[in-house]
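**Student:** What follows is a predicted structure for the sequence shown.
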Amino acid sequence: MLADDQVAEDKVRTLPVIHCRDCGSTGWGGLRRKTGDKKIGCNLRDFYKAYFSKDTLISYVFPNLQGRKLDNWNSWKLCGDCLTLNSTDRDNCSGCGSENLISIVEPDQETLIQVYKTKDGNNRRISTHDCPFCGSKNGLSILGSRAASLASAAIGTLFASSYNDDRKLITFSDSVQDAAHRAGFFQTRTFRTTLRTALRQYLNGKAGCNLAEIRTDFNQYWRNKIGSDEDYVATFMPSDLEWLYEWEDLQKTAKASANLVELIDKRLDWEVVAEVGLRTSFGGSLERTASCAIYLNPDLIKNLIPELLEILRNEIGGLEALQPEELTRFLLGFIHHLRQRGGILHAATNNYIESGGSTFLLQKPLFMPGFAASLAPVYLVQ
């Protein structure tokens, strides 16, 4: 449903949906007019502007049908007609008298506020997007999509289909500037679809292969299958590397330099690792579309348990009776979570890890993509 298609009476009582990318907690976002206000505003433009500028008046509420009591949380009954927050003992809204009330909980505003010093030494308060349930840093995001994103998802599906034997597309826009922007946006999203389709085709019939084998063989497999370095580069060229003069030279002379081929090899090596780690929870990844299953080598886990069990039993209080089965379950869950956050070692991440998480160093290698701080890989370090 598009927000612009809503009738006027729905626009004044509809809140945008927010959710945590890690734990899946889902609720609503809104904007207060002032601190302590008992009414949540739902103007989408105002909310988006405040959300991305991290305005401290941003509010998040979550349904509480079970009536849970949470520390540092406020319990309310939200009016579904005028969006007024009512005390939990009311049966009708104090603002409009409606009986359409929803039990909700709201995290204490101060727990979502972060204070930092500006360049001139003043304190500035901002609202974080950290999940109040699981604590995931920048985990909260708006559940929705704009027309360009929806169109790019449809284009990706069309171009990935084996039934599409004529991969050509024309899109229309009434704005020249908007058309140029969307063309670049669609092209960027197409790279991800092309990569995932190629990886899925490579994995067909290769059950049980490990990540090291895939990284070694994937690039050469497609170079052999495509037939020439020029077509190989053109197929897997990401839009963020199209500024290279080697790419312009390839388009003019139809010859791919060895340096350009090497950059694509390195980029694909990183993307393969990211596809089973950092990006596995985003979009139509191979894991989310059930195109492949990812598991840990059980022998490596089994060999690790005895030594780790002895250390934990003797050095951490309360774990004297820890059983091998319990430790195995914990390790599987912990490593699985770390993998989904991108914590797979790669040569390109060494400086990033040593610096304590500088995304500047992470994206410094020429072949690496750009990274937002909220989407950078997470590692366990001392």
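**Tutor:** Thanks, I have the structure now.

**Student:** rest of the way, CA atoms for contacts and neighbours
**Tutor:** Will do.

**Student:** residue contacts, the spatially closest residue to N72 that is not a sequence neighbour?
**Tutor:** Residue nearest to N72 in three dimensions, not counting chain neighbours: D108, with 5.5 Å by CA to CA, 6 or more residues apart in numbering. D108 sits next to N72, W73, N74 when contact means CA atoms under 8 Å, 6 or more residues apart in numbering.

**Student:** same check, this time on T190
**Tutor:** Neighbour list for T190: S152, I155, G156 [criterion: CA under 8 Å, 6+ apart].

**Student:** remind me which residues of this protein are low pLDDT?
**Tutor:** Applying pLDDT under 70 to the chain flags residues 1-12, 159-160, 162, 373-374, 382.

**Student:** Please, where are all the strands along it?
**Tutor:** Taking DSSP state E as the criterion, the chain carries its strands at 17-20, 26-31, 58-63, 73-79, 85-86, 101-107, 113-117, 123-127, 140-142.

**Student:** between the ones you listed, which gets nearest to R329?
**Tutor:** Nearest of those to R329, taken as CA to CA: strand 17-20 at 23.8 Å.

**Student:** what's the longest helix in this protein?
**Tutor:** The longest helix of the chain (DSSP state H) is helix 176-203.

**Student:** right, and L278 touches H336 too?
**Tutor:** No: taking CA atoms under 8 Å as the definition, L278 is not a contact partner of H336, at 11.4 Å.

**Student:** of the two, who's got more company?
**Tutor:** Neighbour totals were compared for L278 and H336, and L278 leads with 21 against 16 (other CA atoms under 10 Å).

**Student:** quick one: that one and D165, what's the gap?
**Tutor:** The gap separating L278 from D165 is 32 Å, by CA to CA, to the nearest Å.

**Student:** Kindly report the same for F371.
**Tutor:** Look at F371 and D165: by CA to CA, they are 34 Å apart.

**Student:** ok, now T359?
**Tutor:** T359 is 40 Å from D165, where distance means CA to CA.

**Student:** before we move on, what about Y60?
**Tutor:** The gap separating Y60 from D165 is 46 Å, by CA to CA.

**Student:** So for those two, which sits in the more crowded spot?
**Tutor:** Neighbour count, other CA under 10 Å: between Y60 and D165, Y60 has more, with 25 against 8.

**Student:** Quick check: that one touching P107?
**Tutor:** Yes: in this structure, Y60 is within contact of P107 by CA under 8 Å, at 7.3 Å.
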